[in-house]
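Enquirer: I'd like to go over a predicted model; first the sequence, then the structure.
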Amino acid sequence: MRPLLPGDKVAIVSPASVINPDYVSGAVETLAAMWLRPEVKANVLGHSGSFSGTADERVADLTDALLDPDVKCILCSRGGYGCVHLLPQLDRLISSGEVAPKWLVGFSDVSALHALWRKHGWESVHSSMTKQLALGGPDDPLNHELIDILEGRISSISLPTGFSGSPAGMSSRQGSARGMVTGGNLAVIGGLIGTPYNPVIPGSILLIEDIAEPIYKVERILWQLRLAGLFDSLSGMIVGAFTDYKAPSRDHEDMYSMIDSFIRNSGVTFPVAMDVPVGHIDSNRPVILNREARLTVTPGQATLDYNV
């Protein structure tokens, strides 16, 4: 994927839920201050029930961004729910060969679009979106890290493990492995298993995170991966932030103790970076997806080196 250059156009789209207009205008100001050229697509601030527009309107904005040769990056305004509606039409457009690869930025429900990008061999960035850009401004370290990735200045990402303070969050599996970094929101991933957009491919390093999912539901999705034979095919795993759930449950002290137990009982031999700051948290670190990397897990730290 070509790194962004100063003055490159960044299209802002709303592929899922309604967005606060202040976040969009703030993101425009931040991107412009960082020498990029933001463009807000027609339906970004729309409303159709809980969505930013009808499925056709949301597809139209993404189609316009994909077909515009000047657009080098597509920034999603937010997640929520609704990206899955767009996959078939966007898949046909990308499959037509009429569009060149473009960066995609977002997380949460945007994981469905990351999966589509993976299907077509396009790289993307799992990252905070307009809210962080607006509230953090051009001097914010996370915003700088995102732009540095997009502009090709960062090819190695170090993440602390045990970030939440959960004792089980310190139970990483040390080691090193190479594979394509894929994944994102676990509930979205679970919904794509068995479809053409399943991002869990053999040999991949799987990133997972989620919000407001009960412990037993997260365990059920992990079992789904395992029973589908996908878990055993991984070369590595990165467990991000799991937030806004009730703990303890009747079976587990917290989410990380459940994930740790699941991993131990699955006979995992690949490295696992547990409890890193990626997900629905203020310090959501950007991670490049759909690119080969070497994951190295050491005490207290995980590193993704994309120079492989």
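Expert: Structure received.
Enquirer: for stretch 274-293, which positions count as buried?
Expert: 274-281, 284-293 (16 or more other CB atoms under 10 Å). C-betas here are computed from N, CA, C, even on glycine.
Enquirer: Compute the first-to-last residue distance for that stretch.
Expert: 17 Å (CA to CA, to the nearest Å).
Enquirer: Same check on stretch 65-83?
Expert: 16 Å.
Enquirer: Give me the contacts around stretch 279-288.
Expert: If you take CB atoms under 8 Å, 6 or more residues apart in numbering as the criterion, stretch 279-288 is touched by 107-108, 123-128, 132, 142, 145-146, 149, 157, 159, 181, 207, 209-211, 238, 240-244, 276-278, 304, 306.
Enquirer: circling back to that earlier point, which of the buried residues of stretch 274-293 fall within helices?
Expert: Judged by DSSP state H, helices contain none of the buried residues of stretch 274-293.
Enquirer: how far away is Pro38 from Gly162?
Expert: 36 Å (CB to CB, to the nearest Å).
Enquirer: any idea how far Leu186 is from Arg78?
Expert: From Leu186 to Arg78 the distance is 18 Å (CB to CB).
Enquirer: scratch that, Glu253 is what I was asking about
Expert: 32 Å.
Enquirer: For those two, indicate the residue with more neighbours.
Expert: Arg78 (23 against 16; other CB atoms under 10 Å).
Enquirer: which residues of this structure fall in helices?
Expert: Counting by DSSP H, the helices of the chain are 21-33, 55-67, 87-95, 111-119, 130-136, 141-150, 186-192, 215-227, 255-265.
Enquirer: Quick check: beta-bridge partners of the residue lying closest to Val28 once chain neighbours are set aside?
Expert: Excluding its sequence neighbours, the residue lying closest to Val28 (CB to CB, 6 or more residues apart in numbering) is Pro38, at 4.6 Å. Using DSSP bridges, the bridge partners assigned to Pro38 are Val10.
Enquirer: Hmm, Pro38 is touching Gly26, no?
Expert: No: between Pro38 and Gly26 there is no contact under CB atoms under 8 Å: 10.8 Å.
Enquirer: What are the boundaries of the strands in the stretch 201-308 of the chain?
Expert: Assigned by DSSP state E, counting those that start in this stretch, the stretch 201-308 of the chain shows strands spanning 205-211, 236-243, 272-273, 287-289, 292-298, 301-305.
Enquirer: what about the stretch 201-308 of the chain, any weak spots by pLDDT?
Expert: In the prediction, the stretch 201-308 of the chain carries no residues with pLDDT under 70.
Enquirer: go again using 90 as the cut-off
Expert: Of all residues in the stretch 201-308 of the chain, those with pLDDT under 90 make up the ranges 308.
Enquirer: for the protein, which strand is longest?
Expert: strand 175-185 (DSSP state E).
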